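> Sharing a model prediction with you, sequence too.
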Amino acid sequence: MDLALLVTGVAIGLSVTAPLGPVNIIVVRAAIRRGVAVAVMAGLGSVLADVIFATVAAYGVRSVERFIVDYALPLTLIGGFLLVVIGVRTARHHVTLAVNDDGEPSRAGVITRKFFTTLVLALTNPGTFFGILAIFGTMSPVLRLGSASGRSLTVVAGVGLGGLLWWSFLSLTVHHLKTRLTEAVLDRINRWAGILIAGFGFALLMEAVF
């Protein structure tokens, strides 16, 4: 395995994952409420989407590219609507530090829901795909990527690793800081997280409509 190619993939993964967005907010909230493992699994949903997009870009899967381009508008509308719904529900939820398992979903259920939530949100965000496509389009001649080359696979693996590293770092950091926060502060963070998520959704809807 070419280490330079893997590092390049990691850098690409970090560049598309680290910027503030709705998935980052969802992961932060998961780290505060559910712990590191749930938060990392939530982030891995978006990592899978990034790996899918990177695979399409690296190997030139034209049919998938055409689908995303042709259906960019409905995909954006779906993603925007989901973000608004998630944001409103998040903002209305009251955070409590009291231990109460009554009516709480199982840990496996929470992990599954978080994973598929971020996966769907990432897959319905054409902007992420176009960003990855632009990066690969720019770097492909230099990296000598090709459909029959293991070099592409190495870079794609690096993209996934970069995303995993970011979500692990973010989840551990937030979970560590959580111990210094009061219930009132956590509740305000939760409310603003919901507002920001809904705001991203409204922005996507406005972009799609206008």
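Now that the structure is in, tell me what you want to look at.
> going forward, measure contacts and count neighbours with C-alpha atoms only.
Fine.
> quick one: stretch 32-40 to chain centroid distance?
15 Å (CA atoms, centre = their mean, to the nearest Å).
> Stretch 29-43 too?
Between the centre of stretch 29-43 and the centre of its chain there are 13 Å (CA atoms, centre = their mean).
> what mean pLDDT does it have?
Computed over stretch 29-43, the mean pLDDT rounds to 91.
> which residue packs closest to Arg107, ignoring adjacent ones?
Excluding the flanking residues, the one nearest Arg107 by CA to CA, 6 or more residues apart in numbering is Val38, at 8.0 Å.
> Can you verify my assumption that that neighbour contacts Gly109?
No. Using CA atoms under 8 Å, Val38 is not in contact with Gly109; the gap is 10.3 Å.
> Between those two, tell me which one has more neighbours.
Taking other CA atoms under 10 Å, Val38 and Gly109 do not tie; Val38 has more neighbours (23 against 11).
> secondary structure element for the more buried one?
helix 36-59 (DSSP states H and E).
> what do you get for Val27?
Here Val27 is assigned to helix 22-33, by DSSP H and E.
> other SSEs contacting that helix?
The elements that helix 22-33 packs onto, with contact taken as 3 or more CA pairs under 8 Å, 6 or more residues apart in numbering; DSSP states H and E, are helix 36-59, helix 150-178, helix 183-209.
> Save these as CSV, and put in distance to Ile135 too.
Formatted as CSV, the helices and strands packed on helix 22-33 follow (distance: least, CA to CA, whole Å):
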stretch, distance to Ile135
helix 36-59, 9
helix 150-178, 12
helix 183-209, 22
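> The helix holding Val27 relative to helix 150-178, how many degrees between them?
40 degrees (axes from the mean of the first three to the mean of the last three CA atoms, to 10 degrees).
> Tell me which residues of helix 22-33 come out buried.
Across helix 22-33, burial judged by 16 or more other CA atoms under 10 Å covers Pro22, Val23, Asn24, Ile25, Ile26, Val27, Val28, Arg29, Ala30, Ala31, Ile32, Arg33.
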